[in-house]
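Visitor: Need coordinates for the following:
(one chain, ligands or ions: 1)
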Amino acid sequence: MYKYLKEEAYEANMEIKRNNLAIYTWGNSSAFDPGKGVFAIKPSGVEYDLLKPQSMVIVDLDGNIIEGKLKPSSDTKTHQVLYREFSQFADKNIRGITHTHSTYAVAWAQAAKSVPVFGTTHADHCFPQENGTNEIPCTDFMSEEAVKNNYELETGNLIADTFKKSNLNPVFNNMVLVAGHGPFTWGGSAAESVYNSAVLEEICKMAFLTLAINPAANPLPEHIVKKHWERKHGLNAYYGQ
Ligand SMILES: [Zn+2]
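Guide: Numbering: from 1, shown residues only. Okay, the predicted model is just below:
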């Protein structure tokens, strides 16, 4: 059972490795089936070279292990909270989540800085929101109480609260930096969530270099931001075949 979901999660986890988004056992991807309310996730502490589709663990949204012999990723509770919280955006289900420790994304997270939109690479991937920004948000540092309570679960709550507070729609902005920790990304499939992790790493690298060349660099003018989003995702999108 759940063979399709395990294969999807396995492929996404191997993509983390192929894209050099994590070393050793760092990083994890999961694949969610909203109809069944379960997701497949990487087992904890198993190196990518040793992973098999069968080693993926099936978990429900209450954290119960439904199928699998191994212990699920230590970040499972973060995935669980995000699937639950973000499922309210019924217009498009979130079916995949990826967490990595890719260098440039982690550097921005450690600096506790949201990533400003400096160019069209960023504008192509993050929708300008109702509050007028399409920065990639960075959360606040987690409180001592939250860390003591249930660290991984509270990491999910921290991300969900950051989106609520800033009135961000996770369907249009599928990347976040957790302060002092690193990136989480999601998408319409597990594969899309890893793709977004790779894109985020590239955007963070470009933004860092932009500020190294010119610490006073200005964000991309709004009319260019809009044009780039619309030609890729708007009603009259014309990017691609
Ligand atoms: Zn981590």
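Visitor: for this structure, longest helix please?
Guide: helix 190-213 (DSSP state H).
Visitor: what mean pLDDT would you report for the following helix or strand past that one?
Guide: Later in the chain than helix 190-213, the nearest helix or strand by DSSP states H and E is helix 222-233. The pLDDT scores in helix 222-233 average 82.
Visitor: which residues are in contact with helix 222-233?
Guide: 117, 120, 123-124, 126-128, 134, 236-240 (Cβ atoms under 8 Å, 6 or more residues apart in numbering). In short, each C-beta sits where N, CA and C put it, glycine included.
Visitor: swap in stretch 31-43?
Guide: 2, 5-6, 8-10, 12-13, 28-30, 51, 55-61, 66, 68, 70-73, 76, 79-80, 83, 87, 93-97, 189-190.
Visitor: can you give me the end-to-end distance of that stretch?
Guide: 13 Å (Cα to Cα, to the nearest Å).
Visitor: and that stretch, how far out from the chain's middle?
Guide: In terms of Cα atoms, centre = their mean, to the nearest Å, the gap separating the centre of stretch 31-43 from the centre of its chain is 16 Å.
Visitor: Which parts of that stretch count as buried, going by neighbours?
Guide: Buried positions in stretch 31-43, judged by neighbour count with 16 or more other Cβ atoms under 10 Å: 31, 32, 33, 38, 39, 40, 41, 42, 43.
Visitor: Also stretch 51-62?
Guide: 51, 53, 55, 56, 57, 58, 59, 61.
Visitor: neighbouring contacts of it?
Guide: With Cβ under 8 Å, 6+ apart as the criterion, stretch 51-62 contacts 1-3, 5-7, 9-10, 13-14, 37-43, 46, 65-68, 70-73, 76, 80, 83-84.
Visitor: all strands for the chain, in order.
Guide: Taking DSSP state E as the test, the strands found in the chain are 28-33, 38-41, 57-60, 65-67, 96-99, 175-178, 182-187.
Visitor: Could you give the number of residues near the nearest residue to residue 48 once chain neighbours are set aside?
Guide: Once flanking residues are discounted, residue 48 sits nearest to residue 17: 4.1 Å by Cβ to Cβ, 6 or more residues apart in numbering. Residue 17 has 15 neighbours, counted by other Cβ atoms under 10 Å.
Visitor: quick one: contacts for residue 86?
Guide: By Cβ under 8 Å, 6+ apart, the contact set of residue 86 is 94, 160, 170, 186.
Visitor: Bridge partners for the last one, pull those for me.
Guide: What it means is residue 186. residue 97 (DSSP bridges).
Visitor: per-residue pLDDT, it?
Guide: Reported pLDDT for residue 186: 96.
Visitor: Just put the buried residues of stretch 51-62 in CSV and tack on pLDDT and distance to residue 22.
Guide: Output for the buried residues of stretch 51-62, formatted as CSV (pLDDT from 0 to 100; distance: Cβ to Cβ, whole Å):
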residue, pLDDT, distance to residue 22
51, 95, 12
53, 96, 19
55, 95, 17
56, 97, 17
57, 98, 18
58, 98, 22
59, 97, 20
61, 94, 25
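Visitor: Now render those residues as JSON lines, adding distance to residue 215.
Guide: Shown next, in JSON lines, are those (distance: Cβ to Cβ, whole Å):
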{"residue": "51", "distance to residue 215": "42"}
{"residue": "53", "distance to residue 215": "47"}
{"residue": "55", "distance to residue 215": "46"}
{"residue": "56", "distance to residue 215": "44"}
{"residue": "57", "distance to residue 215": "45"}
{"residue": "58", "distance to residue 215": "48"}
{"residue": "59", "distance to residue 215": "44"}
{"residue": "61", "distance to residue 215": "44"}
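Visitor: any low-confidence regions in the protein?
Guide: Residue ranges of the chain with pLDDT under 70: 89-92, 130-132, 235.
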